[in-house]
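**Q** Take a look and give me a structure for this.
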Amino acid sequence: MTRWVIEGVGIPAEEVLPYLDKRKVARVLQELLPADKRISEIIDEERYENLELFIESPYDDGVVHLQDYFYCALDGGLGYMLKCCDETETLVSAPDESGLEYLYYPPSMPWERSENEPESLEEVHYRIVMAVQKLADMTEAEIETLIDDDLYESCSVE
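**A** Residues are numbered from 1 along each chain as shown. Okay, here's the model as predicted:
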């Protein structure tokens, strides 16, 4: 049996999914996967309609399915992509036992912290807001309503 805990200040990644902006997602994918020709073509030709954000099944229809990138090229889901949008590299992502992913800042001991660790709860919120806004059309207030300051998910799988 494997056990893990998702604990800290965070947001469920799936709450961001309806607000994803295709242009923003394409630009972040290009940063993460600069050699990917399909993403480069979408951006160069401004064919953002060819970036499908919600379909989970791969089809051979000329459309770039975001789920393919999550689990094949990026080795993670939307939580992982949001984590990659955190320029401070202090936020983490993890799925719970049902597969729901979270973007969060975990608690740490003072001796474990690096120089770029947040100094306050407000700074943690700011970092989450900045990461989400790199992919989604959401206001700071909208994101703030989704942030859980007392995130705790105990997970296990056999």
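**Q** State the phi and psi torsions of the residue nearest in space to the middle of the chain.
**A** Most central residue of the chain, judged by C-alpha distance to the mean C-alpha position with Cα atoms, centre = their mean, is Leu82 at 2.2 Å. The phi and psi torsions at Leu82 (degrees, to the nearest 10) take the values phi -60, psi -40.
**Q** With Leu121 instead?
**A** According to degrees, to the nearest 10, the main-chain angles of Leu121 amount to phi -60, psi -40.
**Q** Please tell me I have it right and it contacts Asp149.
**A** Yes - with contact defined as Cβ atoms under 8 Å, Leu121 reaches Asp149; the gap is 6.7 Å. Heads up, the C-betas are built off the backbone N, CA and C, glycines and all.
**Q** Are there residues contacting both of the two? Which ones?
**A** Among the neighbours of Leu121, those also in contact with Asp149 (Cβ atoms under 8 Å, 6 or more residues apart in numbering) are Val9.
**Q** pLDDT score assigned to the residue nearest to the centre of the chain?
**A** Per-residue pLDDT puts Leu82 at 94.
**Q** Could you report the separation of it from Pro12?
**A** From Leu82 across to Pro12, the span is 11 Å (Cβ to Cβ, to the nearest Å).
**Q** likewise Pro34?
**A** From Pro34 across to Pro12, the span is 29 Å (Cβ to Cβ).
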